[in-house]
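A.B. asks: Dropping a prediction and its sequence here:
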Amino acid sequence: MTSGAMAPLAVSIGEPSGIGPDVALQAFAARHELGLPIFFMLADPAMLSSRTKSLGLDIVLSEIGQPEGAGGVFPTALPVLPLSARHRDEPGRIAPENAAGTIEAIERGVDFALTGAASALVTAPIDKKALYDAGFRHPGHTEFIAELAARRTGHPSRPVMLLTGPELSCVPVTIHIPIADVPRALSKELIVETARITDADYRARLGVERPRLAISGLNPHAGEKGVIGREDEEIIRPAVEALRSEGIDAFGPLPADTMFHPEARERYDVALCMYHDQALIPAKTLAFDQTVNCTLGLPLIRTSPDHGTASDIAGTGKARPQSFVAALRLAARMAAGAPASPSGS
Ligand SMILES: NC(=O)C1=CN([C@@H]2O[C@H](COP(=O)(O)OP(=O)(O)OC[C@H]3O[C@@H](n4cnc5c(N)ncnc54)[C@H](O)[C@@H]3O)[C@@H](O)[C@H]2O)C=CC1
Ligand SMILES: NCC(=O)COP(=O)(O)O
């Protein structure tokens with residue numbers, strides 16, 4: 001187990017009707033054999049206790065008042081810092097009244113990570129539509145956490161989503177927007193800014209001295225020299241040239257269909273992709289169970305498993321906890337400042 005000198009990791013419960021509680025409980029149950037870092041849950045203890053029983057896990061829960069209480073109980077019990085909002089334990093059933101607790105857990109986790117009471121925040125997945133229906137106006141954790149951090153610190157930050165696994169790391173330059181809006185949303189400035197943040201955090205937080213950034217094209221064959229779309233030549237290539245003139249080791253635009261095969265992947269540390277699925281399809285296809293979602297560009301460390309709420313299997317014991325475990329490990333390694341490959345596995 002990681003030394004008690006480091007503050008514990010805070011885990012926000014996410015959507016309680018999903019598999020967030022399952023994977024956290026399963027990971028805790030295997031903490032000794034996996035050598036997991038100390039973490040505590042921001043959750044409703046009654047809901048977690050109920051899920052523990054439905055999963056048939058032999059786990060003791062222990063309520064704590066402050067994160068610093070986590071280390072003492074972790075060897076024998078799962079530390080739970082209770083939320084003020086309550087959560088029902090109804091696997092697979094979205095309940096609008098759960099939204100308040102889900103949001104509270106993220107907010108308190110950000111606060112703990114910013115003050116240093118927690119060394120990092122690991123978020124269990126949220127059901128985005130359920131939160132939107134409850135009035136949540138952020139596309140996802142990534143943007144919400146950046147706004148919370150800006151509110152708390154007074155300094156705006158620009159979050160960058162990184163999906164990182166043992167074989168591939170990818171950054172989507174545009175994230176949760178309709179595919180029809182992608183060409184309009186892309187600009188040289190957006191690509192350059194995303195690449196700068198990626199480059200800086202790879203050096204500062206992920207221990208890569210001179211990160212190599214592969215920049216994808218947008219259109220088939222990266223536009224075939226302008227014949228199949230203009231964005232590759234008019235937006236992406238100038239962005240790559242600007243980055244290279246700053247000394248960032250960026251190259252592209254690369255045809256997206258041939259940049260993910262094994263030999264191509266050896267040429268870069270991270271791929272910047274122009275839209276969500278261009279990045280997340282290869283990342284999740286190559287290593288769904290090991291890939292971690294990590295937000296760069298923040299004044300705190302935030303990781304998450306790559307998967308969603310998987311409400312179809314919540315409470316059944318079918319959820320695989322490996323991506324959550326990788327998220328815990330990557331958060332702990334980043335918090336320890338240890339030079340490490342980005343993959344948390
Ligand atoms: N970081 C976050 O908060 C994320 C939230 N989501 C949200 O999750 C919800 C559901 O999204 P989907 O697209 O259905 O993706 P999903 O990842 O929840 O599920 C896709 C499929 O993979 C399976 N699956 C997922 N994780 C698994 C695991 N650990 N073990 C075994 N099987 C697993 C599910 O059972 C399902 O069949 C949406 O509301 C989405 O917005 C999605 C991704 C990340
Ligand atoms: N598809 C990735 C995803 O939805 C993660 O979003 P976030 O909640 O981490 O911002």
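C.D. replies: On my side now, so go ahead. Ligands and ions are numbered 1, 2, ... in the order given.
A.B. asks: and the residue of the stretch 151-300 of the chain nearest ligand 1?
C.D. replies: The stretch 151-300 of the chain approaches ligand 1 most closely through N293 (5.6 Å), counting by C-beta to the nearest ligand atom. For glycine as for every other residue, the C-beta is placed from the backbone atoms N, C-alpha and C.
A.B. asks: Check the gap between the residue nearest to R237 when sequence neighbours are not counted and L163 for me.
C.D. replies: The spatially closest residue to R237, leaving aside those adjacent along the chain, is P253, at 5.9 Å (C-beta to C-beta, 6 or more residues apart in numbering). For P253, the distance to L163 equals 20 Å [C-beta to C-beta, to the nearest Å].
A.B. asks: got it, and F260?
C.D. replies: Taking C-beta to C-beta, one finds F260 at 12 Å from L163.
A.B. asks: So what does A250 have for phi and psi?
C.D. replies: Here is the backbone geometry of A250 (degrees, to the nearest 10): phi -110, psi 150.
A.B. asks: Next, count neighbours for it.
C.D. replies: Residues lying near A250 (other C-beta atoms under 10 Å) number 25.
A.B. asks: Flag the shaky bits of the stretch 1-150 of the chain, pLDDT-wise.
C.D. replies: 1-4 (pLDDT under 70).
A.B. asks: Quick one: name the residues of it near ligand 2.
C.D. replies: 126, 140-142 (C-beta under 6 Å from any ligand atom).
A.B. asks: Kindly export stretch 244-255 (C-alpha atoms) in CSV.
C.D. replies: C-alpha atoms of stretch 244-255 as CSV (Å, rounded to 0.1, in the frame of the first residue of the first chain):
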residue,chain,number,x,y,z
ARG,A,244,6.7,23.5,-34.2
SER,A,245,7.9,27.2,-34.3
GLU,A,246,7.4,27.2,-30.5
GLY,A,247,9.6,24.2,-30.1
ILE,A,248,6.7,21.7,-29.5
ASP,A,249,7.3,18.4,-31.1
ALA,A,250,4.1,18.2,-33.1
PHE,A,251,3.6,16.7,-36.5
GLY,A,252,0.7,16.2,-38.8
PRO,A,253,-2.0,16.5,-40.0
LEU,A,254,-2.0,12.7,-40.2
PRO,A,255,-4.7,10.7,-42.0
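A.B. asks: Mind listing residues that contact it?
C.D. replies: Residues outside stretch 244-255 that contact it (C-beta atoms under 8 Å, 6 or more residues apart in numbering) are 195-196, 199, 210-218, 220-223, 232, 236-237, 240, 243, 264, 268, 272.
A.B. asks: What ranges does the stretch 101-250 of the chain have for its helices?
C.D. replies: Residue ranges of the helices in the stretch 101-250 of the chain, as given by DSSP state H, counting those that start in this stretch, are 128-133, 141-153, 182-185, 188-204, 231, 237-245.
A.B. asks: Could you tell me how far the longest one lies from the centre of the chain?
C.D. replies: When distances are taken as C-alpha atoms, centre = their mean, to the nearest Å, helix 188-204 is centred 17 Å away from the chain's centroid.
A.B. asks: same thing with the last one?
C.D. replies: Between the centre of helix 237-245 and the centre of its chain there are 27 Å (C-alpha atoms, centre = their mean).
A.B. asks: mean confidence for that helix?
C.D. replies: Helix 237-245 carries an average pLDDT of 98.
A.B. asks: Please point out which parts of that helix sit buried.
C.D. replies: Residues 237, 239-240, 242-243 are the ones in helix 237-245 that count as buried (16 or more other C-beta atoms under 10 Å).
A.B. asks: residues of the helix or strand encompassing the residue of the stretch 151-300 of the chain closest to ligand 1 that come out buried?
C.D. replies: Element membership for N293 (DSSP states H and E) is strand 292-296. Using 16+ other C-beta under 10 Å as the test for burial, strand 292-296 gives 292-296.
A.B. asks: partners of the helix or strand just after that strand in the sheet?
C.D. replies: Downstream of strand 292-296, the first helix or strand assigned by DSSP H and E is strand 302-305. Paired strands of strand 302-305, with direction, are strand 120-123 (parallel), strand 292-296 (antiparallel) (DSSP bridges).
A.B. asks: so which of those gets nearest L168?
C.D. replies: Taking C-beta to C-beta, strand 292-296 is the member of those nearest to L168, at 11.8 Å.
A.B. asks: Narrow the contacts of stretch 244-255 to those that are buried.
C.D. replies: Looks like the contacts of stretch 244-255 have 195-196, 199, 211-218, 222-223, 232, 236-237, 240, 243, 268, 272 buried, using 16+ other C-beta under 10 Å.
A.B. asks: nearest residue to the spatially most central residue of the chain other than its sequence neighbours?
C.D. replies: Central residue of the chain (C-alpha atoms, centre = their mean): N293, 2.8 Å from the mean position. In this structure, N293 finds its nearest non-sequential neighbour in S304, 4.4 Å apart by C-beta to C-beta, 6+ apart.
A.B. asks: any idea how far L48 is from A27?
C.D. replies: Counting by C-beta to C-beta, the gap from A27 to L48 is 13 Å.
A.B. asks: Mind telling me which residue of the protein is nearest ligand 2?
C.D. replies: G140 (2.6 Å).
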